[in-house]
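A.B. asks: Sequence first, then the predicted structure:
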Amino acid sequence: MQERVKAMGLILQFVCDNPKCREVKKTENHWWKLRRSQDGFIIVMPFNPEDQVKDDEGIFCGEPCTIKAVSEWMGGRHLTLTSSQHGGEK
């Protein structure tokens, strides 16, 4: 008799990188991805959950959190972008 093995699927969960927000991505949300260019600029682009999030990128749940991150960077604060909490199992 052959045994059936059921593999549990991996559920990716994306969390806003604003430490005061921590919103979880839903299918209908329009999120943004930030990354630093090699010459020090901040690049803002729409977030596509099917794209891989790199370690030096941050994702934000909407315009207010994205603008807050860019504003802090413009004010001289170090912008920490990390995707360490993205794509975790649920």
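C.D. replies: Received it, and whenever you're ready, just let me know what you need.

A.B. asks: can you tell me the helix or strand for the residue nearest in space to the middle of the chain?
C.D. replies: Geometric centre of the chain, nearest residue: I59, 2.8 Å, by CA atoms, centre = their mean. Secondary structure assignment for I59, by DSSP states H and E: strand 57-60.

A.B. asks: So which residues of this structure form strands?
C.D. replies: In the chain, the segments counted as strands under DSSP state E are 32-36, 42-46, 57-60.

A.B. asks: just so I know, which of the ones you listed lies nearest V15?
C.D. replies: strand 57-60 (8.1 Å; CB to CB). In short, each C-beta sits where N, CA and C put it, glycine included.

A.B. asks: Could you list every helix and strand in contact with the closest one?
C.D. replies: Packing partners of strand 57-60 (3 or more CB pairs under 8 Å, 6 or more residues apart in numbering; DSSP states H and E): strand 32-36, helix 63-74.

A.B. asks: Tell me how many other residues surround E57.
C.D. replies: Counted by other CB atoms under 10 Å, the residues lying close to E57 total 20.

A.B. asks: Look up how far F41 lies from it.
C.D. replies: 14 Å (CB to CB, to the nearest Å).

A.B. asks: remind me which residues of the protein are low pLDDT?
C.D. replies: Scanning the chain for pLDDT under 70 picks out 1-11, 79-90.

A.B. asks: how about a cut-off of 50?
C.D. replies: Scanning the chain with the threshold set as pLDDT under 50 gives 1-2, 84-85, 87-90.

A.B. asks: Take the helices and strands packed on strand 57-60 and lay them out in JSON lines including mean neighbour count.
C.D. replies: Listed next are these as JSON lines, based on neighbours: other CB atoms under 10 Å:
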{"stretch": "strand 32-36", "mean neighbour count": "19"}
{"stretch": "helix 63-74", "mean neighbour count": "15"}
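
A.B. asks: With respect to D51, which of those lies nearest?
C.D. replies: strand 32-36 (7.9 Å).
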